Each structure stands twice: as structure tokens, then as C-alpha cells.
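Chemist: The following block contains a protein sequence and its predicted model.
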Amino acid sequence: LVLEGNLNVRSGTELKFAKNTYHIIKGSLNVYGSDEFPVVLDAIEDNWMGLYVISENKLTSRIRNLTIKNTIATSKGILNLTGGVTFYNVDLDVDGLRIHHAKGEDAINIINSNVNIHNLVLQNTISDALDCDFCSGTISKGYVSDIKGDAIDFSGSNVLIDNFRVYN
């Protein structure tokens, strides 16, 4: 599913993806979940190839209470992404993002972005949890647990981490 433009997702929305499918947004992603009714992206069965948000103009994506489950890396033709969730050239404003059971190189890979991430939870990954390349900003209040690779991995970034825990 490729969308050229901005996507707004309302509270309580649940999207289920078939195996070998992925979602690309060429624009911004705005998720308006709540504590009671989060937005959920998940596989119909086993796994799906995840989410890729890319912006030519460094648009801001705002995420509130989003849960993403059962991703693998996206590899289709010339598109080879290591993360189950990838944001490229996107300013990212997050309050409540949970990623569970990621089976790619990274649960989330953020590249060339300004980040303000609050309440991030990454659990049960077969490799790295958070990969932030050439980013700047803040990551506060959250945790990673049961990670088989790097919990947090930075390259060329200037990011303040505050009140963040790492387990297993």
C-alpha cells in the first residue's frame, strides 16, 4: 500500500496486513490514538513487512498512542529497509509508540530526522530495538526489553536520552 500524501488515522483504528505486504507513506503520518483506544498495525498472521514514512520536505509526523506488532524488514525490488518501521527525512513528534515482536534488523529505524519521542516501548526483537542515524532531538520516558541486538544504536546523531530504561 503506497500513499502519496499525508495520512491521518483516528483513535481506535486497527489495520491488519497480509504477509509480504507493507505500507509506504510519501508525506506525513498523523496518528490520533488514545490510552483507551490506541491505533494498532498488525499482521493478519505471522508477520508483515512494516511501515515506511518518507518526506522530501521534512514534514512532521505526529504519533499519539500507536502500537505496531509483528514486523519484518521490507525487501521488494530496489527497496531494502532494515527496519520493520522506518522514518526517513521526517520530523517526528511521538507520545506513545509501542513496537512488539519485530523480526527485522531494527524494530524502528529513524534517519535524517528531528525527534521528540516520549513514551517509547520496544519489546521482543530478534535484533536491534532503536536505530537513530543522523538525528537530533530528545527521547524521554520509555523502555526497551528482551532485545537480541543493540537496545539503542546511534550514528552521527545528537540526541538527549532522559528517563529511559533497558532490560534484557
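Modeler: Noted; the coordinates are in hand. Numbers count the residues shown, from 1 in each chain.
Chemist: Okay, and N57 sits in which element?
Modeler: Assessed by DSSP states H and E, N57 sits outside every helix and strand.
Chemist: For K26, give the beta-bridge partners.
Modeler: Counting by DSSP bridges, K26 is bridged to E4, I54.
Chemist: Equivalent analysis for T138, please.
Modeler: Bridge pairing for T138 - DSSP bridges - gives N116, L160.
Chemist: list the contacts for it?
Modeler: Contact analysis of T138 by Cβ atoms under 8 Å, 6 or more residues apart in numbering lists 115-117, 159-162. Bear in mind the C-beta positions are built from the backbone N, C-alpha and C, glycine included.
Chemist: swap in D91?
Modeler: Applying Cβ under 8 Å, 6+ apart, the residues near D91 are 58-61, 113-115.
Chemist: cool, and D146?
Modeler: Contact analysis of D146 by Cβ under 8 Å, 6+ apart lists 123-125, 167-168.
Chemist: quick one: what helix or strand has it in it?
Modeler: Counting by DSSP H and E, D146 is part of strand 136-147.
Chemist: List of residues touching the helix or strand that that strand is followed by?
Modeler: Per DSSP H and E, the first helix or strand lying C-terminal to strand 136-147 is strand 152-155. Contact with strand 152-155 is made by 106, 128-135, 144, 161, 164, 166, as judged by Cβ under 8 Å, 6+ apart.
Chemist: these two touch, right, E14 and A43?
Modeler: No: using Cβ atoms under 8 Å, E14 is not in contact with A43, being 11.8 Å away.
Chemist: Show me which of those two is the more surrounded one.
Modeler: Higher neighbour count among E14 and A43: A43, with 19 against 11, using other Cβ atoms under 10 Å.
Chemist: thought that one was touching N70?
Modeler: Yes: A43 is within contact range of N70, at 4.1 Å (criterion: Cβ under 8 Å).
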